[in-house]
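Visitor: Sequence and predicted structure are below.
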Amino acid sequence: MRYNFMVFRDPQDRAASPRPRCIATPYSLFPVPYSLFPIPCSLFPLLDQPSEHFDMVFLLPDKYIDLLTDFGFKRVFGTEPNKALLIDFLNTLLPPHHQLKDVTFKNPEFLGNTLVDRRAIFDIYCQSETGERFIVEMQKAKQNLFSLGARSLGRETRPGSHRKDRSVYYSTFPIQEQAEQGFWNYELTAVYTVGILDFVFDDHKHDSELLHVVELKNQHCEVFYDKLKFIYVELPKFTKSVDQLESHFDKWLFLFKHLAQLNEPPLPLQNDVFGQLFDVAEIANFSSREQALYQDSLKVYRDMYNVTQTLIDETLEQGIKQGIKQGIKQGRAEGRQEQKQQIAKQMKAAGLPAQDIAQYTGLSMDEIDRL
């Protein structure tokens, strides 16, 4: 197994010794709280050198970063040196007339028009040569908490509606940004919101389709406005192995899900653009600061996932208990009804009037007549 190290000086030793006392942490002990075991630097000959820059050592068994972390996603797709990767991925999603040749990264933070307005911060915000604007977001499982929480507080929400509301709200900022001072003819360039989802929409759980393109249409399903599009990719639905990859789009989705688990680039993923990806994503190429930022991002992602799964499991368990309780209640009610019907049949067979049978059993006249 290949290990990558982050080495930092222990703050307690800075004043006492010119040499660092190294601390190593096996990766398997994550997630937090981290278990730290002081280990002499002599166990790591390559690291047994005085340093003014480091405090701690972490063993990182992964060779490549996880693209689903905030740091990994923005490092690969949100920096100027790597924008070819963003362009290549977006072109697998965009129609032929909006294929990208170049993009310019823009400030991903938007402030409202007044102090009380909400602000929006995108993962990645960029603009093409011809003016189209693109919001690209990695939406993680944490957002499942909002819908579950709303239901638990008694507020009814349509499944997945808050995530869609958020996308629509975000798309309004690039639209407003296009307004010009003075005379303006209101002509707009296209706005795309692209969401890479680490979850499945509640109302899509029984749908095998993982790519969703949403446009504004009229009652006849004709496109009313073609300059506002929402594109969602539900990653959990992608289950192809490396031998099953057919399209360029397949290859990107495979890397989104499995990059951190690879030790070497698979044969189908060794062309130019993916070669750049593997270079950019290799942890050994990171500075110590970048490795620390990545570890923080990985911890947040794992904690977020664990909290969400716990909440989902607890909600499911509660639902099962409620279902069992309701089933028992319904079963008892059905049993009482059958008992009434049996008594009514015996009374009817004995020649008692239907009116008396209804009075004693509580059944309606129609129910008695059907017996």
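Guide: Yes, it's here.

Visitor: Run a quick neighbour tally on residue 193.
Guide: Neighbourhood size, residue 193 [other C-beta atoms under 10 Å]: 22. The way it works is simple: take the backbone N, C-alpha and C, and place the C-beta from them, glycine included.

Visitor: right, I mislabeled it, should have said residue 229
Guide: Residue 229 has 22 neighbouring residues, counting by other C-beta under 10 Å.

Visitor: same question, residue 225
Guide: 12.

Visitor: Would you report the backbone torsion angles of it?
Guide: Dihedral pair for residue 225: phi -150, psi 120, per degrees, to the nearest 10.

Visitor: what about residue 368, neighbour count?
Guide: Residue 368 has 19 nearby residues by other C-beta under 10 Å.

Visitor: May I ask which helix or strand encompasses it?
Guide: Following DSSP states H and E, one finds residue 368 within helix 365-370.

Visitor: Let me know the average pLDDT across that helix.
Guide: Over the span of helix 365-370, the pLDDT mean works out to 82.

Visitor: Remind me what it packs against, helices and strands.
Guide: The contact analysis (3 or more C-beta pairs under 8 Å, 6 or more residues apart in numbering; DSSP states H and E) places helix 365-370 against helix 288-349, helix 354-361.

Visitor: hey, where'd the strands end up in this structure?
Guide: 4-6, 23-24, 37-38, 58-60, 103-105, 109-110, 120-121, 124-128, 133-139, 191-197, 211-217, 223-234 (DSSP state E).

Visitor: any chance of those strands in a markdown table, with distance to residue 337 and mean pLDDT too?
Guide: As requested, the strands of the chain are arranged in a markdown table below (distance: least, C-beta to C-beta, whole Å; pLDDT from 0 to 100):
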| stretch | distance to residue 337 | mean pLDDT |
| --- | --- | --- |
| strand 4-6 | 68 | 47 |
| strand 23-24 | 69 | 40 |
| strand 37-38 | 67 | 42 |
| strand 58-60 | 65 | 55 |
| strand 103-105 | 68 | 95 |
| strand 109-110 | 61 | 79 |
| strand 120-121 | 57 | 78 |
| strand 124-128 | 61 | 95 |
| strand 133-139 | 49 | 92 |
| strand 191-197 | 47 | 95 |
| strand 211-217 | 46 | 94 |
| strand 223-234 | 45 | 95 |
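
Visitor: Among the ones you listed, which comes closest to residue 255?
Guide: Counting by C-beta to C-beta, residue 255 lies closest to strand 191-197 out of the strands of the chain; the figure is 11.5 Å.

Visitor: hmm, who's touching the closest one?
Guide: Contacts with strand 191-197, where a contact means C-beta atoms under 8 Å, 6 or more residues apart in numbering, come from 73, 90, 93-94, 98, 132-139, 163, 167, 170-171, 174-175, 227-235, 256.

Visitor: could you give the angle of that strand to strand 211-217?
Guide: 150 degrees (axes from the mean of the first three to the mean of the last three C-alpha atoms, to 10 degrees).

Visitor: if we can go back for a sec, out of the strands of the chain, which gets nearest to residue 286?
Guide: Nearest of the strands of the chain to residue 286, taken as C-beta to C-beta: strand 4-6 at 8.1 Å.

Visitor: how about the strands of the chain, which one is nearest residue 336?
Guide: Nearest of the strands of the chain (C-beta to C-beta): strand 223-234, 46.1 Å.

Visitor: before we move on, back to that, for the helix holding residue 368, buried residues please.
Guide: By neighbour count with 16 or more other C-beta atoms under 10 Å, helix 365-370 contains the buried residues 367-368.

Visitor: Just the CA trace of stretch 65-82, in PDB.
Guide: Below are the C-alpha coordinates for stretch 65-82, written out as PDB (Å, rounded to 0.1, in the frame of the first residue of the first chain):
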ATOM      1  CA  ILE A  65      -8.000  12.700  -3.800                       C
ATOM      2  CA  ASP A  66     -11.800  12.200  -3.500                       C
ATOM      3  CA  LEU A  67     -13.600  14.400  -6.000                       C
ATOM      4  CA  LEU A  68     -16.700  14.500  -3.800                       C
ATOM      5  CA  THR A  69     -14.900  16.500  -1.200                       C
ATOM      6  CA  ASP A  70     -15.100  20.300  -1.300                       C
ATOM      7  CA  PHE A  71     -11.300  20.600  -1.700                       C
ATOM      8  CA  GLY A  72     -11.000  17.900  -4.300                       C
ATOM      9  CA  PHE A  73     -13.800  19.200  -6.400                       C
ATOM     10  CA  LYS A  74     -12.600  22.800  -6.400                       C
ATOM     11  CA  ARG A  75      -8.900  21.900  -7.000                       C
ATOM     12  CA  VAL A  76      -9.700  19.800 -10.000                       C
ATOM     13  CA  PHE A  77     -12.400  21.900 -11.600                       C
ATOM     14  CA  GLY A  78     -12.200  25.400 -10.100                       C
ATOM     15  CA  THR A  79      -8.600  26.600 -10.800                       C
ATOM     16  CA  GLU A  80      -7.200  28.400 -13.800                       C
ATOM     17  CA  PRO A  81      -4.400  25.900 -14.500                       C
ATOM     18  CA  ASN A  82      -7.000  23.000 -14.600                       C
END
